[in-house]
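1. Sequence isn't available, so here's the structure alone:
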């Protein structure tokens, strides 16, 4: 027995010696462990998102990533008072939402038809809506005519049938276009140009008048300066304090009228287009009115006779939808308030 063990040991030793002498080497393989991705933890609270009930709010591990000491559902209940900390509910139901079997937004407690989806205004029951205006027939005073909820399903009244409802119509009993807010358009001088577009509303003119293309004014004469009205408008280059050439001449004529009539008191109104905000428009209209006032004061007109009013963009001469609105609305008006 001992002899056999010794022989096997000698053979084993010799096998190793033969392998070393013959240059045989056993290749060594490097074992690399694969990289394991760290679990995603959005709120960095140590609980992976897959196990986190509140992945967007940091919490505690024993609360599965939530912090039930805070009001997480914004129902003003915290801790043991809130049996549903992740779903808002009333205090009467211990912070849990009231059951709603038909998911119509009306809790079963208040739902007359808890198993059938319906409308809130119908008590949770399905309601007929013949005219499909969103107001159920039970509450619709005009169930066969489309109308808003504000008027109980009836259409807005339009007494003058001008397409503008009475609550938006400044002249509800007289038909007029939308441009004039439902009122008929006036044409004082009967020249076919409505007053709100006519630069010379009291003098007949043409659509393209004298030099400067003043709508509604005569071809050869600018708007005269009658004593009772002085000047209609002094026009400025849009968004600047620079008077137009024709307006500068009119300002000189206005000075002559004030000088010849010392009892006249004038209101100087500053206007702008709608390019700037209301505050900036008021500032610009003030600068324009002061420019005209200072011009007259330096020539000897008493400042007591000149009253400044700032209108900004509130009183456009032409609608803001008009193509040349910036030109016509950038102006200063002179109007007699006392004589």
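-> Sure thing, it's come through. What you are looking at is a predicted structure, and each value in this text was computed from that prediction instead of being measured.
2. And the strands in the stretch 101-250 of the chain?
-> In the stretch 101-250 of the chain, the strands defined using DSSP state E, counting those that start in this stretch lie at 234-235.
3. Under the pLDDT cut-off, which ranges of it? List them.
-> 121, 196, 202, 207-214, 218-232 (pLDDT under 70).
4. I'd like the average pLDDT over stretch 37-53.
-> The average of the pLDDT scores along stretch 37-53 is 80.
5. buried set for that stretch?
-> 41, 45, 47, 52 (16 or more other CB atoms under 10 Å). For every residue, glycine as well, the C-beta is placed using N, CA and C.
6. Could I get the contacting residues of the second one?
-> Residue 45 is in contact with 52, 58, 59, 60, 61, 65, counting by CB atoms under 8 Å, 6 or more residues apart in numbering.
7. That one and residue 236, how far apart?
-> Separation of residue 45 from residue 236 (CB to CB, to the nearest Å) stands at 65 Å.
8. same deal with residue 192?
-> Distance from residue 192 to residue 236, by CB to CB: 28 Å.
9. okay, these two: which has more neighbours?
-> residue 236 (26 against 12; other CB atoms under 10 Å).
10. bridging residues for the more buried one?
-> On the basis of DSSP bridges, residue 236 is bridged to residue 243.
11. Near residue 95, how many other residues are there?
-> By other CB under 10 Å, 24 other residues sit near residue 95.
12. no no, residue 135
-> By other CB under 10 Å, the burial measure for residue 135, its neighbour count, is 25.
13. so what's it closest to, chain neighbours aside?
-> Excluding the flanking residues, the one nearest residue 135 by CB to CB, 6 or more residues apart in numbering is residue 153, at 3.7 Å.
14. what's around that neighbour, how many residues?
-> The burial count for residue 153: 24, using other CB under 10 Å.
15. and the residue lying closest to residue 317 once chain neighbours are set aside, what element?
-> By the measure of CB to CB, 6+ apart, the closest residue to residue 317 outside its immediate chain neighbours is residue 328, 4.8 Å from it. Residue 328 belongs to helix 325-329 when assigned by DSSP states H and E.
16. State the mean pLDDT of that helix.
-> On average, helix 325-329 scores 75.
17. Packing partners of it?
-> Applying 3 or more CB pairs under 8 Å, 6 or more residues apart in numbering; DSSP states H and E, we find helix 325-329 packed against no helix or strand.
18. which residues touch residue 44?
-> Residues near residue 44 by CB under 8 Å, 6+ apart: residue 58.
19. Would you state the helices of the protein in chain order?
-> In the chain, the helices defined using DSSP state H lie at 2-21, 245-260, 278-298, 325-329.
20. what about residue 273, neighbour count?
-> Quick note: residue 273 (other CB under 10 Å) scores 23 neighbours.
21. What's the separation between residue 254 and residue 113?
-> 76 Å.
22. got it, and residue 159?
-> For residue 159, the distance to residue 113 (CB to CB) stands at 41 Å.
23. of these two, who's got more company?
-> residue 113 (17 against 13).
24. if I look at the residue nearest to that one when sequence neighbours are not counted, how far off is residue 114?
-> Nearest residue to residue 113, sequence neighbours excluded (CB to CB, 6+ apart): residue 125, at 4.0 Å. Separation of residue 125 from residue 114 (CB to CB): 10 Å.
25. May I see the buried residues of stretch 286-295?
-> Those would be 286, 288, 289, 290, 291, 292, 293, 295, for stretch 286-295 by 16+ other CB under 10 Å.
26. Good, wrapping up.
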